[in-house]
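Colleague: sharing a sequence plus its predicted fold:
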Amino acid sequence: MFDTMQHKTSGSKMLEDFISASPEKAALSLEQTALSEAVFWLSGLRASSIIACLENMNPKKAAFLLRRLHIKQAARIMQGLKAERAGEIMLDLPIHYKKRLIDALEPGQIKALEDVLSYPRASAARFMKSDFITFKTDAKVKDIIARIKTLPSAKVPLVVYILDKGGKLCGVLPANQLSFYPPESLAGSVMTADFIKLSPFDGVKKARNLLLKNNAAFLPVTDSEGGLLGVVSLWSLQDNDKGEAPSAASSGTVPAKSVSVNLKPALIALLFVLVTLVSFAVFKLI
């Protein structure tokens, strides 16, 4: 047993490195591996590595592998997947397992999965994720900081979302500003109520333009009643950029702004990582 576990641990580390370097090739390799063996290796990976792999895998194969993981682990993975991919995988899950999975998900995640299947393929909803952090308006700043301190550095948010008593999104609060507010302050009194949001039916082009125009790393997606469905980021839209941008063949020339549009998301993503790390360090020192 020891040798088996040692072999699995060593193999999982190599697979995680492979996924990190090339998630598409890693997904293809797992698809071509015997199902029992694929489950064996996948179950030993971190959630982030499994998510990266399933994002690039055939939905039917992804569904087969997902339902052989522990239900709580499967729920965490579904939460981290893009809404479109999560919806595709849900369609290929057996009814009995789908029910168990839904029971393990948060209400907001369930609604996002149900709604995404009815959204147009080129809409913002197809690219949103549901791994956001929310607090009610009566939450104290010290409690928000305490919650963030419990998160691993990779999960420290740049922004937390504030909901009213009815559960509707009413404000945003930058995480790196929390330490400047009195600990007893309420989220509703220090939040920013004037913020940009997307409709799940907004097109990808509009979403990307708003992100770039406002130098934002991501934007919240809300339904018609103001409920928070998910968050769209610049990097989640990059896979769709080629389909949205005019081709050189059709226009005769390559647009002058094409280089800056491609570089800007990467710079903002880097800034997001740096701010997140600094915020995490500050919280640890408080």
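Modeller: Noted; the coordinates are in hand.

Colleague: hey, where'd the helices end up in the stretch 51-200 of the chain?
Modeller: 59-66, 71-80, 83-91, 95-104, 107-116, 141-149, 187-190 (DSSP state H, counting those that start in this stretch).

Colleague: between those, which gets nearest to Asn176?
Modeller: helix 141-149 (10.5 Å; Cβ to Cβ). For the C-beta atoms, the positions are set from N, CA and C on the backbone; glycine is no exception.

Colleague: which residues does the nearest residue to Arg126 once chain neighbours are set aside contact?
Modeller: Nearest-residue entry for Arg126: Glu84, 3.9 Å, with adjacent residues in sequence omitted and distances by Cβ to Cβ, 6 or more residues apart in numbering. Taking Cβ atoms under 8 Å, 6 or more residues apart in numbering as the criterion, Glu84 is in contact with 116, 121, 125-127.

Colleague: same list, those, but as a markdown table with distance to Ser233 and neighbour count please.
Modeller: Formatted as a markdown table, the contacts of Glu84 follow (distance: Cβ to Cβ, whole Å; neighbours: other Cβ atoms under 10 Å):
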| residue | distance to Ser233 | neighbour count |
| --- | --- | --- |
| Val116 | 16 | 25 |
| Arg121 | 18 | 9 |
| Ala125 | 14 | 27 |
| Arg126 | 13 | 22 |
| Phe127 | 8 | 26 |
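
Colleague: what about Lys149, neighbour count?
Modeller: 12 (other Cβ atoms under 10 Å).

Colleague: distance of the most centrally placed residue in the chain relative to Phe64?
Modeller: Most central in the chain under Cα atoms, centre = their mean is Lys129, positioned 3.8 Å from the mean C-alpha point. Here Lys129 is placed at a distance of 23 Å from Phe64 (Cβ to Cβ, to the nearest Å).

Colleague: and stretch 133-143, average pLDDT?
Modeller: For stretch 133-143, mean pLDDT rounds to 95.

Colleague: with adjacent residues omitted, what lies nearest to Leu35?
Modeller: Nearest to Leu35 is Phe64, by Cβ to Cβ, 6+ apart, at 6.5 Å.

Colleague: do Ala52 as well
Modeller: Pro23 is the one closest to Ala52 (Cβ to Cβ, 6+ apart), at 4.4 Å.

Colleague: residues touching the one you found, list them.
Modeller: 52-53, 55-56.
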